[in-house]
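Q: sequence plus predicted model, see below.
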Amino acid sequence: MLRTCVALSARGYGVLRYAPTNLLLNAIRTRRGLKWGVPAMLLAGVYFYAAAICTTIINDGGPGWLYLLVLLLVWNAFRFLWIGPVSLIQLISVRAGERRERQPVPSSR
């Protein structure tokens, strides 16, 4: 049973690696993309809004499978909310390291 779960998760990772949100979050985690982490947090609002629309449709008698879509939308919204502060901390850390590398080393005499 455990072996089957591990095999399915490994196969699922290979497929989900190319999902649009995963590609965008991977691009934000690069050095060039770190500056886009905080603006990407605005996408969380879009995801929450879409989840609210789906919930309204469900409450008005829509199909129950939309709960899966609501779960996916809320999950992605929280991921985009999280990437903002994380990328900001990483950007500060990277810029501090770059500043340290640019400073001249004092000569010892």
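A: Okay, I see it.
Q: quick one: buried residues of stretch 22-34?
A: Within stretch 22-34, the residues that count as buried by 16 or more other C-beta atoms under 10 Å are 24-25, 28, 33-34. C-beta here means a position set from N, CA and C on the backbone, and glycine is covered the same way.
Q: in helices, which of those residues appear?
A: Residues of the buried residues of stretch 22-34 located in helices (DSSP state H): 24-25, 28.
Q: close enough to count as contact, Val38 and Leu88?
A: Yes - assessed by C-beta atoms under 8 Å, Val38 is found in contact with Leu88 at 6.0 Å.
Q: alpha carbons only: can I get stretch 37-52 in CSV?
A: The C-alpha trace of stretch 37-52 is given here as CSV (Å, rounded to 0.1, in the frame of the first residue of the first chain):
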residue,chain,number,x,y,z
GLY,A,37,7.0,37.9,-5.5
VAL,A,38,5.1,40.7,-3.8
PRO,A,39,3.1,41.7,-7.0
ALA,A,40,2.3,38.0,-7.5
MET,A,41,0.5,38.1,-4.2
LEU,A,42,-2.3,40.0,-6.0
LEU,A,43,-3.1,36.8,-7.9
ALA,A,44,-4.2,35.3,-4.6
GLY,A,45,-7.1,37.7,-4.6
VAL,A,46,-8.1,36.5,-8.1
TYR,A,47,-8.0,32.9,-6.9
PHE,A,48,-10.1,33.7,-3.8
TYR,A,49,-12.6,35.5,-5.9
ALA,A,50,-12.9,32.5,-8.3
ALA,A,51,-13.3,30.2,-5.3
ALA,A,52,-16.1,32.5,-4.0
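Q: average pLDDT for that stretch?
A: When pLDDT is averaged over stretch 37-52, the result is 95.
Q: next one: stretch 24-32
A: For stretch 24-32, the mean pLDDT works out to 91.
Q: could you list the residues in contact with it?
A: 33-34, 36-37, 40, 79-80, 83, 87, 90, 94 (C-beta atoms under 8 Å, 6 or more residues apart in numbering).
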